[in-house]
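**Student:** The following block contains a protein sequence and its predicted model.
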Amino acid sequence: MKFGEKVRRLRKKSAMTQAELAQRSSLSKRTIINYESGASYPKKREVYRTLADIFEVELNYLLTEDDEFIMAGNEKYGLRGMRQAERLVDDLSSLFAGGELSDEDLDGVMRAIQESYWIAKEKAKKYTPKKYLRDAESPGDSDTQL
């Protein structure tokens, strides 16, 4: 279940209107509507915490792995990154949930995704300036001796 669906379900279970939830959370009604429709996600972790407190649920219930990935995409790359992360999650979820591929083929897809990830990391390392690699390899070390 996606974040927006959880918010809507919890709000209705608590017999709250969108306006009441907006007031209690210090968010706008439009923001609550966007969350519930899946049009947007909170940009800050504090919003998840506030909503979890209002609904008296664990923070992790609202902040699933998919939501965490999407939020990280937003924090690192802005709205465009968030939309790309959402599209990736939706496409992969569809592929693994209801696709026509056999289990063997799905395993092959997963291996290919993992391999692509590691190749991309190696390429990124290749283009990282040496001074940054040196700093990462020996934190706290310096060239001067006392």
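**Tutor:** Happy to help now that I have it.
**Student:** which other residues reach stretch 15-32?
**Tutor:** Applying C-beta atoms under 8 Å, 6 or more residues apart in numbering, the external contacts of stretch 15-32 come out as 7, 11, 33, 36, 40, 47, 50-51, 54. The C-beta positions use only the backbone N, C-alpha and C, and glycine is treated the same way.
**Student:** Buried residues in it, which are they?
**Tutor:** Applying a neighbour-count criterion of 16 or more other C-beta atoms under 10 Å, the buried positions in stretch 15-32 are 16, 18, 21-22, 25, 27, 31-32.
**Student:** So which of the residues you listed is the closest to Gln84?
**Tutor:** For Gln84, the nearest member of the buried residues of stretch 15-32 is Thr31. The distance, counting by C-beta to C-beta, is 22.0 Å.
**Student:** and Thr17, how far is that from Glu36?
**Tutor:** With distances defined as C-beta to C-beta, to the nearest Å, the gap from Thr17 to Glu36 amounts to 12 Å.
**Student:** Mutual contacts of those two, please.
**Tutor:** Between them, Thr17 and Glu36 share the contacting residues Arg11, judged by C-beta under 8 Å, 6+ apart.
**Student:** what about the helices in this protein?
**Tutor:** Counting by DSSP state H, one finds helices in the chain at the ranges 3-13, 18-25, 29-37, 45-55, 59-62, 65-98, 103-126, 130-137.
**Student:** Measure how far the second one is from the centre of its chain, please.
**Tutor:** Taking the mean C-alpha point of helix 18-25 and that of its whole chain, the gap between them comes to 24 Å (C-alpha atoms, centre = their mean, to the nearest Å).
**Student:** Right, I'll call it a day here.
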